[in-house]
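Peer 1: A predicted structure for the sequence below; I have some questions about it.
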Amino acid sequence: MSQRLLRAAVIAVSAAVAAAPVRAQMKLMAEPDSEWESVVAPGDPGSTPNTPVGPTTPEGGFSAPERVTFGEKMRERVLDQLCRNIKLKYDYNLPGDFGGTGAGFKRWLAPLPDGRLTIVDEERLSVGYGHGFSKVISDAAGVTLGLWVGGRIEGSSMVIRPLAGKATCKELDTLIDLRDVKTVLPFKAERVAAMKVGELWRMPFRLTVGHTESIGDTLAENLNVSLSFNGTEAGAATLTVFRLSESQLRFRYRVDRVEIRTRGGNLVQTIPGVEFASLGTNILAKFVDRELARQLRDYTVASLGFSNSRSQGKRVLLEYVVDPRDPVQAEAVAQALHGDFKSLAKMGWRMGTQQATDESTEAAYLRMKDEHDKELGPAQFAAIDAYTQKAKSITLRLPFLTSQNWASLRADNTTTRYTDEQGRIHFERADKSRQSEYFDIPWVGPLVKDNVQRDVQVVTAARSGEEYGAPIVVYLQQHGFLRATESSVREKAKELSDIMALAGTRGNGPNPRLAVPLAKHFPEPPAPDPTYDFDRGPAGNQESANRKGAIAFTLVFNQEAVKQLTASTADDILKSYAATVDSIPAAKWLLANGALNPKNGKVEYDWREARKAFPDRDSDRGNSGRSYEEGEIEHMAKVATGLISDLAAARDAKDNEARSAALAKAFGGLGESGLPYDEALRVFVQLVDPMNLTGDFVASVDRPKKEGDLSLHFALKKGRPENLLLQLAGEAKSRFAEPSILVD
């Protein structure tokens, strides 16, 4: 009995601790006539944010890893990052097949996701070998077969320290001051105690082996096509030490193993580059020489490529939090660093070379945990995560004009926790993204960016020895923009607000109280001047494309919402779907005349009556005598049938793990309806009680100084209880996610 009571107490304390950072670092202020509330973060200069994106709600914390990754992609290669591209760097690598063997040092400035600036010192040591073979199998056709095999062992250490300023160019004097270079070694208690708040030490060890098979052909002069097949196996061990506050220091141990199989193809058109002579042999001349060559290579190649990959792996993580002011605890950390770096490197080697089974990995991990628990107290977090994922991407690059990438991902993973709420957490994920860049200028980067990501994750959990419980659904949509107009930013934000206005309405029209309160922050533009200049076009209707920023929207369907969603009737689904389409006359007709056939599960109607209601007004177009509305009715009936089938599949699933997979398909456009992400969300959000929804909306827009920047953070929390599963899943997800080397 005492053990059961103790376990219950641990669970209660865990839930309280998980919620404490949110209560301590944010408060909610009611918005007039709205269910949404403003999030106010008082800030605490003596500690770090509770997530890499700053103080936030549990909903925002759950989506923080995706937001960090998205933000880093938006900050890559843009004009105002020129000073951040300045790096003090020295690398030495052996030539030839041993080109992966060498050492290096690098020092640079980098921004954290919340805008704080850091300075990074990195040392690297690696041993590698790679050899390629090729054979021409057709001189006439130019067909070549290729094979490459190789491997690499790499270890490095990084010290990442926060700086007071945020302006990179003003910190260049700090960058070039080599007297301030800091390394991880030696591991001493006084050095651990002297770490600054926000300072991070990172020590990764990685073993990678792989092979690539390829076949290529020359279609025309400077035009080549190739297909490739790649296999990679990697084992990695990482040790990190992070100063959370004056009284808390956290160190984590991670060991990863992954297998990746990729197949892809490329069509490459090379534009002959301008020849240039070597500029000399001194260090500066060599740098300029290499940089010119790199720029010529980047801007003389047009390409179209695709890839399809499948990966599976296992990750283990162990985390402790100690007081670095206590000499005994600081010394214990230093001693642990000495011993564990060797242990982790050995474990990473065994996993990378497949010498470790699942059972031996878990046994070695638990032995390490028990040993550290004796010296450092109970672990703050301990878990093993197993995952599989499939990814697809298509890339298009036209020099100077545009670079496009379309990608999709389907993944599932199971996290087994050994601390606090012990048991398993299962994630099903589907996402789709697009990265668009335009007008790419050498040494400057793209002048315009427009990125979007849509992601759905379905989460369910089971305590040790129990079955999985009811799932929750988390939907995330992000937009990033560089040099956008105010109207385009307003439109992106308003689309999300309009989706929320449909919550709980079941096809009966929008509910303004559920809309995100954006009116005073994104006011409608003034009416354009009706005067017209035939030389310059319409006056007063031109907008400057001078906006930069991002929008992130997270919506959570709790367990009761999922239950309501899967129990929806065919009539409610059809009515809710009809409320989202543009062809209103056709939708009204289908609502009045269509019905679900219980025998085949299809929404059916009399096509003769549809043709009578909407006769073709221009039959000479060769559309088999069908009007536009009749085609829309057929399409809507098919989609509605798919929606009903998708929700029925989730409702009738054999267990909650299978139900999670069915829901991920339904939200991600992988089911029968074909409606992806926000289109499906517009329907599903209508079918649940809004009180079973919670949300987080963040918008950050850089505007000209005379207008002032915009920073919004709203939460849909009013009268809604916290969801323990969301918090537990967010904790596990953020720990295993490694979106940036700058955060831990």
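Peer 2: Cool, got the structure.

Peer 1: Give the residue spans of the stretch 351-500 of the chain that score low on pLDDT.
Peer 2: Scanning the stretch 351-500 of the chain for pLDDT under 70 picks out the ranges 351-361.

Peer 1: which residues in it form helices?
Peer 2: In the stretch 351-500 of the chain, helices defined by DSSP state H, counting those that start in this stretch lie at 358-376, 486-501, listed in chain order.

Peer 1: hey, which of those helices is tucked in deepest?
Peer 2: Burial of those is given as mean neighbour count (mean count of other CB atoms under 10 Å); helix 486-501 ranks first at a mean of 19. (Each C-beta comes from the backbone N, C-alpha and C, glycine too.)

Peer 1: That one packs against which elements?
Peer 2: strand 472-484, strand 547-557, helix 678-684, strand 693-702 (3 or more CB pairs under 8 Å, 6 or more residues apart in numbering; DSSP states H and E).

Peer 1: Would you mark the buried spots in the second one?
Peer 2: In other words, strand 547-557. For strand 547-557, the neighbour count (16 or more other CB atoms under 10 Å) marks 547-557 as buried.

Peer 1: Residue 585: which of the helices of the stretch 351-500 of the chain is closest?
Peer 2: Ranking those by their distance to residue 585 (criterion: CB to CB) puts helix 486-501 first, at 21.3 Å.

Peer 1: Restricting to C-alpha, output the closest one in CSV.
Peer 2: Output in CSV follows, covering the C-alpha atoms of helix 486-501 (Å, rounded to 0.1, in the frame of the first residue of the first chain):
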residue,chain,number,x,y,z
GLU,A,486,0.7,44.0,-44.8
SER,A,487,-2.4,42.6,-46.7
SER,A,488,-0.7,39.2,-47.2
VAL,A,489,0.2,39.0,-43.6
ARG,A,490,-3.3,40.0,-42.5
GLU,A,491,-4.8,37.4,-44.8
LYS,A,492,-2.6,34.6,-43.3
ALA,A,493,-3.6,35.5,-39.8
LYS,A,494,-7.3,36.0,-40.7
GLU,A,495,-7.5,32.5,-42.3
LEU,A,496,-6.6,31.0,-38.9
SER,A,497,-9.0,33.3,-37.1
ASP,A,498,-11.8,32.3,-39.5
ILE,A,499,-11.1,28.6,-38.9
MET,A,500,-11.5,29.2,-35.1
ALA,A,501,-14.8,31.1,-35.7
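
Peer 1: Show me where the stretch 51-200 of the chain has its helices.
Peer 2: Under DSSP H, counting those that start in this stretch, the stretch 51-200 of the chain gives helices at 58-62, 64-75, 172-176, 189-193.

Peer 1: Residue 563: what's its closest spatial neighbour, skipping adjacent residues?
Peer 2: Using CB to CB, 6 or more residues apart in numbering and skipping the chain neighbours, the partner closest in space to residue 563 is residue 470 (6.7 Å).

Peer 1: Determine the number of other residues adjacent to that neighbour.
Peer 2: Other residues near residue 470 come to 15 when the count uses other CB atoms under 10 Å.

Peer 1: Contact partners for it?
Peer 2: Contact analysis of residue 470 by CB atoms under 8 Å, 6 or more residues apart in numbering lists 460, 559, 562-563, 656.

Peer 1: Next, give me the two most distant ones among the residues you listed.
Peer 2: Using CB to CB, the pair of those lying farthest apart is 460 and 563, separated by 12.7 Å.

Peer 1: These two - which one has more neighbours?
Peer 2: Taking other CB under 10 Å, residue 460 and residue 563 do not tie; residue 460 has more neighbours (25 against 15).

Peer 1: is it true that the more buried one touches residue 473?
Peer 2: No - look at residue 460 against residue 473 with CB atoms under 8 Å: they stay out of range, at 10.2 Å.

Peer 1: Which secondary structure element is home to residue 257?
Peer 2: Using DSSP states H and E, residue 257 sits within strand 248-270.

Peer 1: Over to residue 661?
Peer 2: Using DSSP H and E, residue 661 falls within helix 656-667.

Peer 1: Which residues belonging to that helix are considered buried?
Peer 2: By 16+ other CB under 10 Å, the buried positions in helix 656-667 come out as 656-657, 659-667.
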